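Asks: quick check, what structure comes out for this input:
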Amino acid sequence: MKRLALGLFVILANLSVAKSSLAAEPETAASDTAGGDKTPADTGPAITPDLDLSEIPGSTEMTTPGEAKKGTEGAGAPRKSWEDIVVVPRKAFLKKHRLEIAPFAGITLNDPLIRHYSFGGDLNYYITDVLSVGLEGQYFIKELSERESLVGLQYYLVPTLNKLKYHYALAFGYVPGYGKFGLFNKWIVHWDLTVAIGLGMIHTEIIPRAFGDKAFTNDDIVGHGGLGVRLFVLDWLTLSVTFRDYVYQDAFEFQGRAGLADPQDTAAVKKASQDHQSQLVQNIMMFFSIGLYVPPSFTYRTPR
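Replies: Numbering: from 1, shown residues only. Down below sits the predicted model:
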């Protein structure tokens, strides 16, 4: 009897616990919806403030078109224009309508017997940014190489040589290419490629084979073509390296000079040399030059 009473008591206790659990579920769910462990102030109704988009530059959440325009032109708002979109940067250096004064020093490259050092300058006016017309002038200093003396010792012959005196020409230039490169991962250097052709006059003088013989000079028409690279340093300063090929017909000393009636008659020797000892000469030279531009500054005349 006691066991039956104890069993009924346990069953009734379990039923009462289950009933109280079922009654607490709606309250727990409401608590979870409100945020769980938040304070009573957080469980209140959510309040959405009215946002005023009129203070945000560029916002179109306005009531009238006039107000939208006013918002886009507010203080500090970026101006939207095609002028602000830069696809290709401007060139760092302009040469149009500027005068280039370029002193240079050069050296011949292709004659193994005689070497010439050149000092002179170019004066170029740029009609456009890529086309120029100018004058070129240079003075030469000769130097006989060691091979020239060895020829006489080895073959018992005296080389037939002419030395260059001076040269002047009218030249035309063109810039076919322009670019830039990074230097030491720190500076950007701009450069362009230059092509030039010219026509002028060169003055040469023979080097007599026999000691004491008189020399004569030649004035030859010379044409040249050149290719170079120019580096832009400042708005008025450039550095250039140029290779030029000079081609002309020159008269060398007549080999039968000793058999002439008067070997010291320079006119007769020159006439015989032009008739029998004239040949085409090609001198390839390398120049280093500094370009100074006038006016020293430039302005852009076109929009970006």
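
Asks: residue ranges with poor pLDDT in this protein?
Replies: Under the criterion pLDDT under 70, the flagged ranges of the chain are 1-88, 302-304.

Asks: starting at the chain centroid, how far to the longest strand along it?
Replies: Ordering each strand of the chain by length in residues (DSSP state E) puts strand 161-183 first. Strand 161-183 has its average C-alpha position 17 Å from the chain's average C-alpha position, going by C-alpha atoms, centre = their mean, to the nearest Å.

Asks: on contacts alone, who are the packing partners of it?
Replies: Strand 161-183 sits against strand 114-126, strand 131-144, strand 187-207, strand 217-234, with contacts defined as 3 or more C-beta pairs under 8 Å, 6 or more residues apart in numbering; DSSP states H and E. (Each C-beta comes from the backbone N, C-alpha and C, glycine too.)

Asks: in a markdown table: these, plus mean neighbour count and distance to residue 258.
Replies: Compiled in a markdown table, those are given as follows (neighbours: other C-beta atoms under 10 Å; distance: least, C-beta to C-beta, whole Å):
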| stretch | mean neighbour count | distance to residue 258 |
| --- | --- | --- |
| strand 114-126 | 18 | 23 |
| strand 131-144 | 17 | 23 |
| strand 187-207 | 17 | 15 |
| strand 217-234 | 16 | 21 |
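
Asks: re earlier: and the angle for the longest strand of the chain with strand 114-126?
Replies: 50 degrees (axes from the mean of the first three to the mean of the last three C-alpha atoms, to 10 degrees).

Asks: ok, residue 115 - contacts?
Replies: For residue 115, the contacting residues are 107, 108, 142, 143, 144, 145, taking C-beta atoms under 8 Å, 6 or more residues apart in numbering as the criterion.

Asks: try it again with 6 Å
Replies: With contact taken as C-beta atoms under 6 Å, 6 or more residues apart in numbering, residue 115 is in contact with 108, 143, 145.

Asks: find the nearest non-adjacent residue to it, please.
Replies: Taking C-beta to C-beta, 6 or more residues apart in numbering, and ignoring the residues beside it in sequence, residue 115 has residue 143 as its nearest neighbour in space, at 4.7 Å.

Asks: looks like residue 110 contacts residue 284 (just checking).
Replies: Yes. Taking contact to mean C-beta atoms under 6 Å, the distance of 4.6 Å between residue 110 and residue 284 places them in contact.

Asks: these two: who's more crowded?
Replies: Neighbour count, other C-beta atoms under 10 Å: between residue 110 and residue 284, residue 284 has more, with 14 against 9.

Asks: perfect, I'm done here.
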